[in-house]
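A.B. asks: pasted the sequence and its predicted model underneath.
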Amino acid sequence: MRIIKNTVPIFYTAAAAWANPASQPLSPTNIFAPASTPADNISALSFLVLAVTGAIFLTVLCLLSYAIVRFREKPTSGLGEPAQVYGSTQVELAWTVIPVLVIVVLFLATVRVIASIQNATPPPGAVEVSVIGHQYWWEYHYAHSNVVTANELHVPVSNPAHPTPTFLTLLSADTDHSFWVPRLAGKTDLIPNHPNSTWIDPHETGLYLGQCAQYCGVEHAKMLLRVYVQTRDQFDHWLAQQSRPAVASDAVDAGRRTFESIACVNCHTIRGTAAVGKFGPDLTHLMSRDTIGAGAALNTPANLRRWIQNPNALKPGCLMPAMGLSDSQLDAVTAYMETLR
């Protein structure tokens, strides 16, 4: 199921940039600045629909204006009945055939775009990632490697001469979600027990933002997406770094022991340790991420401490409980988390 739709914040950002592009910085969610082939195709289709419907609107407006002016009642007009017209084969054919042709053109254009996106096959060198939507965060599994990360998707830039797209298999762990990064692809739903897919091939490096676009619970609005498009060398370096197990110095051994002695290990994985939980995000390289809580806050030591102490203070309604740690335990666990890079 693929549906293109806007959310209010993204609509206003895009509308402002469209109205006065010179005065607006390029928004990472600007729907008028596609940076990937699927988004290019959707944008071209949208402008075709806008042009056709705009032409229809102007035609009807002009005809209506002409009728109002041409046939307005004059002061010298009598009150007699105007001349009656009981039918016109030419007019009836026109208002039947023309709309049918318009609908056929738009239908064929839409089918072409949908088919080009849905029927694409991964070429050699394509990156394959499984995306799993959770309440209220994203999990990413990179195929052919042991890399598992959360909330921040890293992909290589695609060279149009030798495309290296990223194909995404979309799964849900609980309820309906929707993966939408406006500048890279259309909105694509994640339905429980119904695998879905989409793909992107970004043409420019940089950060692209999106979010879950299907209401999935109380923290739906804070289930954000961050896609980092890197050069191939940068992506390969990141992938190699993420595949390594966690390494922590003896200086934070107390924090590691505290972490492993409480219920955190039931939900989280830290490769190379006793923590092998699957319910929450993989924390092996937590500090390599710019945000925590699926974009709820920047990943700073202060915010990390607040998150461990009481996650609901930063993201009310999230499913991670407060563990009731003492100040010394909280300091030790935070220090340990800060080494996970």
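C.D. replies: Yep, that arrived.
A.B. asks: show me where pLDDT drops low in this protein?
C.D. replies: 1-26, 75-80, 82 (pLDDT under 70).
A.B. asks: again, only using 80
C.D. replies: 1-28, 71, 73-87, 247-251 (pLDDT under 80).
A.B. asks: for the residue nearest the centre of it, give its distance to Thr169.
C.D. replies: Nearest to the mean C-alpha position of the chain, by CA atoms, centre = their mean, lies Trp180 at 2.3 Å. Distance, Trp180 to Thr169, by CB to CB, to the nearest Å: 16 Å. Placement of C-beta: from N, CA and C, glycine included.
A.B. asks: contacting residues for the residue nearest to the centre of the chain?
C.D. replies: Neighbouring residues of Trp180 by CB atoms under 8 Å, 6 or more residues apart in numbering: 186-188, 210-213, 225.
A.B. asks: show the backbone phi and psi for it.
C.D. replies: Phi and psi for Trp180, reported as degrees, to the nearest 10, are phi -150, psi 110.
A.B. asks: go on, Asn30?
C.D. replies: Asn30 adopts backbone torsions of phi -70, psi 110, taken as degrees, to the nearest 10.
A.B. asks: need the strands for the stretch 51-200 of the chain, in chain order.
C.D. replies: 127-134, 137-142, 148-150, 152-156, 166-172, 177-180, 188-190, 196-200 (DSSP state E, counting those that start in this stretch).
A.B. asks: now the second one against strand 152-156, angle please.
C.D. replies: What it means is strand 137-142. 30 degrees (axes from the mean of the first three to the mean of the last three CA atoms, to 10 degrees).
A.B. asks: got the contact list for strand 137-142?
C.D. replies: So strand 137-142 is contacted by 127-133, 147-151, 153, 173, 223, 225, 239, 242, 281-282, 293-294 (CB under 8 Å, 6+ apart).
A.B. asks: domains of this protein?
C.D. replies: Using automatic domain parsing, the domain parsing of the chain gives 127-240, 250-337.
A.B. asks: return the most buried member of these.
C.D. replies: The highest mean neighbour count among these, using mean count of other CB atoms under 10 Å, belongs to domain 127-240: a mean of 19.
A.B. asks: ok now that one, how far from the chain's centre?
C.D. replies: In this view, domain 127-240 has its centroid 8 Å away from the chain centroid, taken as CA atoms, centre = their mean, to the nearest Å.
A.B. asks: returning to that earlier point: is it possible to get TSV of the domains of the chain that adds distance to Ala44?
C.D. replies: TSV is the format used below for the domains of the chain (distance: least, CB to CB, whole Å):
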stretch	distance to Ala44
domain 127-240	12
domain 250-337	30
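A.B. asks: how about these, which one is nearest Arg112?
C.D. replies: domain 127-240 (14.3 Å; CB to CB).
A.B. asks: list the buried residues of the top helix by length along the chain.
C.D. replies: Secondary structure of the chain read by DSSP state H shows that its longest helix is helix 37-70. The neighbour-count check on helix 37-70 (16 or more other CB atoms under 10 Å) flags 37-39, 41-43, 45 as buried.
A.B. asks: how much does that helix deviate in direction from strand 196-200?
C.D. replies: Using the same axes, to 10 degrees: helix 37-70 against strand 196-200 is 90 degrees.
A.B. asks: and helix 37-70, what does it pack onto?
C.D. replies: helix 89-118, strand 196-200 (3 or more CB pairs under 8 Å, 6 or more residues apart in numbering; DSSP states H and E).
A.B. asks: and the ones you listed as TSV, adding distance to Ser328?
C.D. replies: Shown next, in TSV, are those (distance: least, CB to CB, whole Å):
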stretch	distance to Ser328
helix 89-118	54
strand 196-200	46
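A.B. asks: tell me which of these sits most buried.
C.D. replies: Ranked by mean neighbours (mean count of other CB under 10 Å), the helices and strands packed on helix 37-70 are led by strand 196-200, with a mean of 21.
A.B. asks: now the element after that one, going C-ward?
C.D. replies: Proceeding N to C from strand 196-200, the next assigned helix or strand is strand 206-212, under DSSP states H and E.
A.B. asks: which other residues reach that following strand?
C.D. replies: Strand 206-212 is contacted from outside by 7, 28-29, 35, 133, 136, 177-184, 202, 220-221, 223-229, 295, using CB under 8 Å, 6+ apart.
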